[in-house]
Every structure is written in structure tokens, then in C-alpha cells.
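Visitor: With the input below, show me the fold.
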Amino acid sequence: MENELAVKVCRYIYKEFRSKYKSNREFADSCGIDEKTVRLIQQEVYNPSLNLFKQICEAQGVKMSVVLADVGE
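Guide: Sure, this is the predicted structure:
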């Protein structure tokens, strides 16, 4: 169950947030995270911590609750 949520969150982040940027590096820089993390999110093999999830959401101007509602959790 936990892994399913991580995959859904990764998929959402990549589809809804990352797609607005020209590159993984640009997205990573905008969120203050490592580019390697973005690649792991893209591959859906990453289980983001709450702090990282919050950091990405804040950088994108979206509440965490909105993302979780959109992914059905």
C-alpha cells in the first residue's frame, strides 16, 4: 500500500510539475532538490519523504492535500 502511494505521488509530480520545465535540472533547481532525485521520481522508484514532498509542493505553489486528493489518497 505504501509503495502504491509513492508511485502515485511520483507519477503526479513528474506529470503535473516536471512537465512544465524544459529539463530535469531546471525542475530540480526550481524545487531546491538534486537532479538525481528527479530522475528517480521519473522512474517511479523513489519514496519521497514528507519533507521533500512538502518542499516540491511549496516550490510549485500547490498544497500537499491537493496532490493527495488528486492521486486519490
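
Visitor: what residues are up against Ser30?
Guide: Tyr21, Ala59 (Cβ atoms under 8 Å, 6 or more residues apart in numbering). Every C-beta, even on glycine, is put in place using the N, C-alpha and C of the backbone.

Visitor: Determine how far the helix or strand harbouring it lies from the middle of the whole chain.
Guide: Secondary-structure assignment from DSSP states H and E places Ser30 in helix 24-31. Taking Cα atoms, centre = their mean, to the nearest Å, one finds helix 24-31 lying 11 Å from the centre of the chain it belongs to.

Visitor: List the buried residues in that helix.
Guide: The neighbour-count criterion (16 or more other Cβ atoms under 10 Å) identifies Asn24, Phe27, Ala28, Cys31 as the buried residues of helix 24-31.

Visitor: Isn't Cys57 up against Val67?
Guide: Yes - with contacts counted by Cβ atoms under 8 Å, Cys57 reaches Val67, the gap being 6.1 Å.

Visitor: Skipping its backbone neighbours, what lies nearest Val45 in space?
Guide: Leaving aside its sequence neighbours, Val45 sits nearest to Cys10 (Cβ to Cβ, 6 or more residues apart in numbering; 8.0 Å).

Visitor: Tell me how many other residues surround the one you found.
Guide: When neighbours are counted by other Cβ atoms under 10 Å, Cys10 registers 21.
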